[in-house]
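Peer 1: Mind folding the following:
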Amino acid sequence: MNQHERWHRLLEMVAAAGQLDIESTARELGVSAATIRRDFDELATQQLVTRTRGGVVASSVSYDLPLRYKAVRQAPEKHRIAAAAADLIPAGATVGLNGGTTTTEVARALALRTDPNGQAPAVTVVTNALNIANELIVRPHLRVVLTGGTARPQSYELVGRIAETMLTSVALDLVVLGVDAIDHQHGASAHNDSEAAINQIMVTSAARTIVVADSSKIGRRTFNRICPLGNVDTLITDKAADQDAVHLIEQAGVNVVQV
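Peer 2: Sure thing, here's the model as predicted:
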């Protein structure tokens, strides 16, 4: 387990338990107490947890892991999901991309995509994700439209009234939506209310919605609903997804692609 994977695991653990102590955490992860002490100090410096005498306690952002630490999770699955999503985006389309590790991979797949003649097909990308805009803006075949708004450091997304107003004024051919959870009853959902509000407007502005979510998010729900399954045309996930949950989503009328 490398450092980023360990930090990701520590943030998951503190989000679930509310607090961690050095000794028991070191035993669970199979590393030294000195390593965990350094990890706790670094996470506290980054204001991801609050340091205590013998460990750490959760802060508000512990429940919303920063993008750079989420990226190590389910990486091969996310690459496959992203490639499948990029294949569904036709040349000349206007596509919305929200923030997140999976949609970032979709953006990268779009940047590198070529048609049978070796040409890079033109696409307009509308996004509220600063990191996605930063990666795509140098690609001459991609037109990048970035919303304004207030930046969230946890996800590099622009949120708030400015972003919402901009998105209500555009028409998207489709949106490729990263979510924190999706199930047959609650639909697609997110941890953060500001991000959920932006995502909801993207769905409303789009003629078609493709949700990209690795298997860890299937059959789960979070507090902030983005949209019901009736607004989702396609779900792309990996083959490790719980098949009962997948079947229930399909019964709701969603085309599920597993890669």
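Peer 1: State the distance from Pro116 to Ala91.
Peer 2: The gap separating Pro116 from Ala91 is 11 Å, by Cβ to Cβ, to the nearest Å. Using the backbone N, CA and C atoms, a C-beta is placed for each residue, glycine as well.
Peer 1: go on, Asp115?
Peer 2: In terms of Cβ to Cβ, Asp115 sits 7 Å off from Ala91.
Peer 1: Please identify the helix or strand for the residue of the chain most remote from its centre.
Peer 2: In the chain, the greatest distance from the average C-alpha position (Cα atoms, centre = their mean) is reached by Arg53, at 33.6 Å. Arg53 belongs to no helix or strand when assigned by DSSP states H and E.
Peer 1: for it, phi and psi?
Peer 2: phi -60, psi -40 (degrees, to the nearest 10).
Peer 1: thinking again about what came up before, of Asp115 and Ala91, which one has the most company?
Peer 2: Ala91 (12 against 9; other Cβ atoms under 10 Å).
Peer 1: just to revisit the earlier point, hey, what's in contact with both of Asp115 and Ala91?
Peer 2: By Cβ atoms under 8 Å, 6 or more residues apart in numbering, Asp115 and Ala91 have these common neighbours: Pro121.
Peer 1: coming back round to it: could I get the contacting residues of the residue farthest from the centre of the chain?
Peer 2: Contacts of Arg53 by Cβ under 8 Å, 6+ apart: none found.
Peer 1: Val254 now?
Peer 2: Contacts of Val254 (Cβ under 8 Å, 6+ apart): Leu229, Val232, Asp233, Thr234, Leu235.
Peer 1: Just read off the phi/psi values of Ala240.
Peer 2: Per degrees, to the nearest 10, the backbone of Ala240 is at phi -80, psi 0.
Peer 1: Surely it is in contact with Lys217?
Peer 2: No - contact criterion Cβ atoms under 8 Å: Ala240 and Lys217 do not qualify, at 11.3 Å.
Peer 1: Show me which positions of the longest helix seen in the chain end up buried.
Peer 2: In the chain, assigned by DSSP state H, the helix with the most residues is helix 3-17. For helix 3-17, the neighbour count (16 or more other Cβ atoms under 10 Å) marks Arg6, Trp7, His8, Arg9, Leu10, Leu11, Met13, Val14, Ala15 as buried.
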